[in-house]
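Have a look at this prediction, sequence included:
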Amino acid sequence: VFDPSELRSDVTGKVVRFLYEDGAEVAANMPYVECEAMKMIMQLRTTEAGKITNAVQPGAIIGAGDLLAEMELKDPSKVKKILPVTEPVGSNEADGISPMGNAQLVLAGFEGGDIEPLVSKLLFDLNAEQAVESVDVLFGKYLDV
């Protein structure tokens, strides 16, 4: 998910210099930092207007995706925050998700805790044919990962 309040590197290299001091107002689509990558100096640009706070020092070695600076946006509605899930998948019976749905969420990368009780719960109430079909679906999802 893209967050315009986080200014991240799209190159691997070194920060040469920031073009604005901490707390400076920066317009949208303006260069804010110069980075060196493969002996070339590149300027990275802001995506929105706001007040900048540098997160690393000049001379820092950076990789693609590293946070270089943060913006206090003039228009905070541009940011849609995603909050982390604090409970493992399937930990709450009242969540309305079936055991099969929980297993598919775990295979999609969500935290599910111990997988054995989840699979036991999934297969417990099924007859042999339904269990084979469920395992086949889950195995197919596993192979897709």
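Looks like it arrived, so ask away. Numbers count the residues shown, from 1 in each chain.

residues in contact with the longest helix along the chain?
Using DSSP state H to define each element, the chain has its longest helix at helix 128-144. Contact partners of helix 128-144, identified using Cβ atoms under 8 Å, 6 or more residues apart in numbering, comprise 100, 103-104, 107-108, 122-123, 126. Placement of C-beta: from N, CA and C, glycine included.

Give me the buried entries from these.
100, 103-104, 107, 122-123 (16 or more other Cβ atoms under 10 Å).

which of these sit farthest apart?
L107 and L123 (15.4 Å; Cβ to Cβ).

sorry, back to before: okay if I get the buried ones among the contacts of helix 128-144 as JSON lines plus secondary structure and pLDDT?
JSON lines is the format used below for the buried ones among the contacts of helix 128-144 (DSSP: H, G, I helix; E, B strand; the rest coil; pLDDT from 0 to 100):
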{"residue": "M100", "secondary structure": "helix", "pLDDT": "77"}
{"residue": "A103", "secondary structure": "helix", "pLDDT": "77"}
{"residue": "Q104", "secondary structure": "helix", "pLDDT": "77"}
{"residue": "L107", "secondary structure": "helix", "pLDDT": "76"}
{"residue": "L122", "secondary structure": "helix", "pLDDT": "76"}
{"residue": "L123", "secondary structure": "helix", "pLDDT": "78"}
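
so what's V16 up against?
33-36, 41, 58.

Show only the entries of those residues found in strands.
Judged by DSSP state E, the subset of these located in strands is 33-36, 41.
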